[in-house]
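S.K.: build me a structure from this.
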Amino acid sequence: MSKQKVLFIVPHEDDEVFVGGPMILNLTQDPSYEVFVFIATNGDYYPFENGIRIKESLAGLKLMGVAKDKIFFGGYGDSWKGTHIYNSSANEVKISHGGFEETYVNNDEYKDWHYIKYGKHAEYTRTNYLLDIQSLIETIRPDVIFAVDMDSHQDHRGLSLFVDEAMANILKKRSDYCPRLLKKLAYQGVLKGVKDFFHYPNRPTQPPKDKPSNPFLLWSERISHKGPKSCNTIFIRTNKLYKIIKKYASQATWVNAISFINSDVVYWNRNTNNLALKAKITATSGNTSYLNDFKVLDTDDVVASECDFKTKCWRATPDDKIKSITIDLNKVSEVRKINLYINNLSKTEMTQGKVIFSNQDTVIYQKEFAISNSSYDIVKIDFPTIKCNRVILDLANTTQNLGISEVEILPNCDSIPFKEYQLQCDLNKKNFILGILKFIDSITFKIQKKIYRKL
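M.R.: Next up is the predicted model:
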């Protein structure tokens, strides 16, 4: 039986711990899986870190059990001068914050992915960055991809959107390959999460203290996967994840380990089985290209402290009184659910729309649905399984504020991968003595941090 391939895509050296961490440890210990890791940038924001962070990642990934020949580097810059590479024109050659103009890896054992694939380094352009993400996925052909989501860091946001764009290209052109995609924040709720490792009994990841940069990441929709026993310990110094993060000495992220060493690791599923991706979409007005580009959010400036997502979505023109969207599927298909990612200009009164299903121009079913007054919302429309080749969204009764950033038309939904690792409840029961030991360990850790900060 062949192994399932799993690919982790992260922006910087150390993000593999925050995005992967316990899940990488789970899968490298499981003979059913083959784990690959791709780190997009060189972590060369500061000249003195150039090469150091790569060595640290290699040491950390070795401890996680990832084979050396399954680790790849994009060789792109850690942040950019001027406009971020994601928001730049297609072939504009960018200069990284560190002053570089083409891909490289400051390590004698590795070449950047573009060099491995095409035999030469790549100029820092948007086109090349996207090409490298897409060719990586198509070459490895992972069954499941784990990737960073829209986070509070510009490179995290840019990579998340590049992954979405690459997935759109792959899913639209191929019928023989449809990997699963799970996404995760690395900062919000993780590195900058609740400092609760010393809570006893150990508990699952808590909701982010601050509002996620991606407002569509609903906490109720998260998927929690438990980590191995080595990541669920009483003492922090015996915790496998703590030992791993100590390998990243230049970042000193071990001081925040109590924020991300939890009983589980949290992801959000992206629906790659969306029938709308290959559909022909027309509307009475507005830009329909946003409706099936696989991006639930997009922005003109990933560097902004708060991204403006309002311009990158379908919105009817002021003179459009019909406000209708027609989605022609490429064949008669079974449809079970529709998700609309609502992107209102501002909070408004609750309105109502209608979805109409037809087959060969004959209406076979229709259903009304409510749209909330939130700025961002996911409208979920459920119905009995319907065979149709056309879906019409009648939005005539909605407000002018209405925007839609993505439409998902889903068949009978697949099960979420890695069910064997899903967390169902807290992993520890109360024990008075263990609770005291954990409290003492928390005091020791605080003293250790104070000593480190004074050095």
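S.K.: all contacts plus neighbour counts: C-alpha atoms, from now on.
M.R.: Will do.
S.K.: quick one, strands of this structure?
M.R.: 4-10, 33-41, 71-76, 144-148, 180-184, 223-226, 264-270, 280-283, 324-343, 351-359, 362-371, 376-394, 404-410 (DSSP state E).
S.K.: quick one: mean pLDDT over the last one.
M.R.: Over the span of strand 404-410, the pLDDT mean works out to 97.
S.K.: cool, and the fourth one?
M.R.: With pLDDT averaged residue by residue, strand 144-148 scores 98.
S.K.: that strand to strand 4-10, inter-axis angle?
M.R.: When axes from the mean of the first three to the mean of the last three Cα atoms, to 10 degrees is applied, the directions of strand 144-148 and strand 4-10 differ by 10 degrees.
S.K.: partners of strand 144-148 in the sheet?
M.R.: Strand 144-148 has the following sheet partners, assigned by DSSP bridges: strand 4-10 (parallel), strand 180-184 (parallel).
S.K.: mean pLDDT added to these, as a markdown table?
M.R.: Putting those into a markdown table (pLDDT from 0 to 100) gives the following:
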| stretch | mean pLDDT |
| --- | --- |
| strand 4-10 | 98 |
| strand 180-184 | 97 |
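S.K.: same list, the ones you listed, but as a markdown table with mean neighbour count and distance to residue 37 please.
M.R.: Converted to a markdown table, the strands paired with strand 144-148 look like this (neighbours: other Cα atoms under 10 Å; distance: least, Cα to Cα, whole Å):
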| stretch | mean neighbour count | distance to residue 37 |
| --- | --- | --- |
| strand 4-10 | 23 | 5 |
| strand 180-184 | 22 | 14 |
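S.K.: next, format those strands as CSV and append distance to residue 423.
M.R.: Below are the strands paired with strand 144-148 laid out as CSV (distance: least, Cα to Cα, whole Å):
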stretch, distance to residue 423
strand 4-10, 20
strand 180-184, 16
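S.K.: buried sites along stretch 139-149?
M.R.: By 16 or more other Cα atoms under 10 Å, the buried positions in stretch 139-149 come out as 141, 142, 143, 144, 145, 146, 147, 148, 149.
S.K.: out of the strands of the chain, nearest to residue 204?
M.R.: Closest to residue 204 of the strands of the chain, according to Cα to Cα: strand 264-270, at 5.4 Å.
S.K.: ok so, going back, same list (the strands of the chain) but as a markdown table, adding distance to residue 297.
M.R.: As requested, these are exported to a markdown table (distance: least, Cα to Cα, whole Å):
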| stretch | distance to residue 297 |
| --- | --- |
| strand 4-10 | 19 |
| strand 33-41 | 21 |
| strand 71-76 | 23 |
| strand 144-148 | 14 |
| strand 180-184 | 14 |
| strand 223-226 | 20 |
| strand 264-270 | 13 |
| strand 280-283 | 18 |
| strand 324-343 | 9 |
| strand 351-359 | 22 |
| strand 362-371 | 18 |
| strand 376-394 | 10 |
| strand 404-410 | 6 |
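S.K.: quick one: the helices in the stretch 151-300 of the chain, in order.
M.R.: Ranges of helices within the stretch 151-300 of the chain are 154-173, 240-245, based on DSSP state H, counting those that start in this stretch.
S.K.: can you tell which of those is closest to residue 55?
M.R.: Between residue 55 and the helices of the stretch 151-300 of the chain, the tightest spacing by Cα to Cα is seen for helix 240-245, at 13.0 Å.
S.K.: for that closest one, what is the average pLDDT?
M.R.: For helix 240-245, mean pLDDT is 96.
S.K.: what of stretch 251-265?
M.R.: 91.
S.K.: for it, buried residues please.
M.R.: Using 16+ other Cα under 10 Å as the test for burial, stretch 251-265 gives 253-265.
S.K.: can I get the residues you listed in TSV including distance to residue 83?
M.R.: Below are the buried residues of stretch 251-265 laid out as TSV (distance: Cα to Cα, whole Å):
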residue	distance to residue 83
253	28
254	32
255	32
256	30
257	32
258	35
259	32
260	31
261	35
262	36
263	39
264	36
265	33
